[in-house]
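# could you look at this predicted model? Sequence included:
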Amino acid sequence: MKNLQHQGYSEWLVIRCQQGEKTAFNDLLEHWHRRFYLYALRRLGDRDAALDATQDCLLSISRGLQNLADPAAFPKWSYQILERRCVDNLRRTLRDREVLQADDGITDSGIEEQDALNSRLTVQELLATLDPRLETVLRLFYLEELGIEEIAEICALPPGTVKSRLYYARKLLAGALQDSE
């Protein structure tokens, strides 16, 4: 019931935004900002990067909201934008890290990840140990409550790939939970 109310309220705000009501746009941003930020924070693991990705996402939403044909598609559409901003940030970070490592001759040994697996893990720590592609699918499915088809569109994957990633991620998490006990 709560999810239906949340979805209905979002659709109503989108329609009002498309009709030109400025207060509706502020309400829409206020309603979604925290969810977007938390998703980006979990995805990127850095507060500043999450703020940047969230702000870029909200800016893109403000530019393209008038072109959104179906207000009910707002969650899927907005998470597609947010996911692209997160991926862009990860790519920039990876490029910067590669440049720094090339300059310093430093390699990532993964010791921190192994230490995390050896101790009792929280859900966030467990998710952080997964491949980012698996983590993204799990977060969108369980934390953001999106369906297989929506996740497939957000991640530009076939629905079967989303299902197999969900299966594989669940299996990895179950194994990690057993190991941490």
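Good, I have the coordinates. Just so we're clear, the structure is a prediction, and the values are computed from it rather than from any experiment.
# C-alpha only now, for contacts and for neighbours.
Will do.
# so which helix or strand takes in the residue positioned nearest the centre of the chain?
By CA atoms, centre = their mean, the chain has its centre lying nearest to residue 39, at 4.5 Å. According to DSSP states H and E, residue 39 maps onto helix 22-44.
# and if you look at residue 165?
Residue 165 belongs to helix 159-180, assigned by DSSP H and E.
# and the closest residue in space to residue 169 that isn't next to it in sequence, what element?
The shortest distance from residue 169 to any non-neighbouring residue, by CA to CA, 6 or more residues apart in numbering, is to residue 134 (5.8 Å). Using DSSP H and E, residue 134 sits in helix 132-138.
# what packs against that helix?
helix 22-44, helix 159-180 (3 or more CA pairs under 8 Å, 6 or more residues apart in numbering; DSSP states H and E).
# contacts for it next, please.
With contact meaning CA atoms under 8 Å, 6 or more residues apart in numbering, helix 132-138 is reached by 43, 127-128, 151, 162, 165-166, 168-169.
# in it, what counts as buried?
Judged by neighbour count using 16 or more other CA atoms under 10 Å, the buried positions of helix 132-138 are 134-138.
# send over that helix as PDB, restricted to the C-alpha atoms.
In PDB, the C-alpha atoms belonging to helix 132-138 read as follows (Å, rounded to 0.1, in the frame of the first residue of the first chain):
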ATOM      1  CA  PRO A 132      29.300  -3.700  -9.000                       C
ATOM      2  CA  ARG A 133      27.100  -5.200 -11.700                       C
ATOM      3  CA  LEU A 134      25.600  -7.700  -9.200                       C
ATOM      4  CA  GLU A 135      25.400  -5.100  -6.500                       C
ATOM      5  CA  THR A 136      23.400  -2.700  -8.700                       C
ATOM      6  CA  VAL A 137      20.900  -5.300  -9.700                       C
ATOM      7  CA  LEU A 138      20.400  -6.300  -6.000                       C
END
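# who's in contact with the helix or strand just after it?
Downstream of helix 132-138, the next assigned helix or strand under DSSP H and E is helix 148-155. Taking CA under 8 Å, 6+ apart as the criterion, the residues outside helix 148-155 that touch it are 76-77, 79-80, 83, 137, 140-141, 158-159, 161-163.
# swap in 7 Å and give it another go.
With CA atoms under 7 Å, 6 or more residues apart in numbering as the test, helix 148-155 has contacts from 76, 79-80, 137, 140, 158-159, 162.
# I appreciate the help and will end here.
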